[in-house]
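Student: Provide a 3D model corresponding to the input given below.
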Amino acid sequence: MSALFTAALIVALLVVGSVDAQELTGTLKKIKDSKAITLGYRESSIPFSYLDRPGDPIGYSIDLCNAVVDETSKELGGLEIAVKYKKVTAETRIPAVRSGEIDLECGSTTANFERKKEVAFSPIFFVAGTKLLVPRSSDITSYRDLRDKTVVVTAGTTNEAAVRAISERQKLGITLVIGKDHAESFAMLRQGKADAFATDDVLLYGLVATDKSGDQYHVVGEYLSYDPYGLMYRKDDPDFAAVVDRAFSRLAQSRELVQLYNKWFQQRLPTGERLDLPMSPQLEEIFRVEGVPE
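Tutor: Next up is the predicted model:
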């Protein structure tokens, strides 16, 4: 009888294991089948996602994505997952997620209502807002000084809509020019092709800190938008969403989420610069809601 029970138990476990394997869908199935995950990175979203001197992707968002990879490995029974990287821009990142070209986007992407119609987002890990970067010699101190001026924005960002809206509302007659990425937008400002560069304030601080001519520019003006950041992945994938949420919950409860913030915003970066950006009270509260202990 004991032998029969043991045999029946083994068969039942094998059946359950087989069913579990068959039930894998979406991103988890894709990762298990390929034993790999593809992370989308940005080249100049400092300090979220950019390249170190040897040319490898690093940053706050990259570290968060790696935590999701670790949690995915646990979910798949300790599967060793090869991490592949693919460059995306603000314009290509959403199509790359939707098409399956990348599985997780590790950048500086605003999790807003419109985008949630197309993709899913992790819990919030940063809050930014649109501001202006101008030469220190400029008399621009606010969006009010942009009447009939030229402003560069990066293609595919929420900042473009923010500047268009303020221009139309205040009848400023702003001319918009578009850079393909943040580095090109900054270059257009340096070359005099624009009077100001509008993007998320934290990205502007990162560019100023890491560019050799950065001390000739400064960030000015009021916030023109509210931009909470999340890691982006395919929507309608509840199993992978649960893994992402679990990874963030673990990071929050262990306070590693705070440690990662300090690593990238208050300590010297691997490339040598220091941003010295304390955590905002708003982000502190968001982290508490996500599980960071008092």
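Student: now do the SS call for Leu39.
Tutor: Applying DSSP: H, G, I helix; E, B strand; the rest coil to Leu39 yields a three-state assignment of strand.
Student: again, but for Ala161
Tutor: Per three-state DSSP, Ala161 ends up helix.
Student: confidence score at Ser2?
Tutor: Ser2 carries a pLDDT score of 54 in this model.
Student: typo on my end, Arg42
Tutor: Reading off the model, Arg42 has pLDDT 96.
Student: buried residues, stretch 205-225. List them.
Tutor: 205-211, 214, 217-221, 224-225 (16 or more other C-beta atoms under 10 Å). No exception for glycine: its C-beta is placed from N, CA and C like everyone else's.
Student: tell me which of these is nearest to Arg268?
Tutor: Each of the buried residues of stretch 205-225 was scored against Arg268 by C-beta to C-beta, and Ala209 proved nearest at 10.6 Å.
Student: tell me who's in contact with the closest one.
Tutor: When contacts are counted by C-beta atoms under 8 Å, 6 or more residues apart in numbering, Ala209 touches Ile46, Leu269, Glu273, Arg274, Leu275.
Student: for these, work out which two are farthest apart.
Tutor: Among the contacts of Ala209, Ile46 and Arg274 lie farthest apart (C-beta to C-beta), at 11.8 Å.
Student: could you work out the end-to-end span of stretch 262-275 for me?
Tutor: 10 Å (C-alpha to C-alpha, to the nearest Å).
Student: pull out the buried residues from it.
Tutor: In stretch 262-275, residues buried by neighbour count (16+ other C-beta under 10 Å) are Lys263, Trp264, Phe265, Leu269, Glu273, Leu275.
Student: with stretch 137-150 instead?
Tutor: Under 16+ other C-beta under 10 Å, the buried positions of stretch 137-150 are Ser138, Ile140, Tyr143, Asp145, Leu146, Lys149, Thr150.
Student: repeat for stretch 113-122
Tutor: Applying 16+ other C-beta under 10 Å to stretch 113-122 flags Arg115, Val119, Ala120, Phe121, Ser122 as buried.
Student: wait, what's in contact with the third one?
Tutor: Shown here is Ala120, whose contacts under the criterion C-beta under 8 Å, 6+ apart are Met232, Tyr233, Arg234, Lys235, Asp236, Asp237, Ala241.
Student: same check on the fourth one?
Tutor: Counting by C-beta under 8 Å, 6+ apart, Phe121 makes contact with Thr109, Ala111, Arg115, Gly230, Leu231, Met232, Tyr233.
Student: circling back: list only those of the contacts of Ala120 flagged as buried.
Tutor: Here, 16+ other C-beta under 10 Å leaves Met232, Tyr233, Arg234, Lys235, Asp237, Ala241 buried among those.
Student: wait, the third one touches Leu28, no?
Tutor: Spelled out, that is Arg234. No - counting by C-beta atoms under 8 Å, Arg234 sits too far from Leu28 to count as a contact (11.1 Å).
Student: give the residues shared as contacts by the two.
Tutor: Phe240.
Student: and the pLDDT for the closest residue in space to Val292 that isn't next to it in sequence?
Tutor: Among residues not flanking Val292 along the chain, Ala252 sits closest, at 4.7 Å (C-beta to C-beta, 6 or more residues apart in numbering). Note for Ala252: predicted pLDDT of 98.
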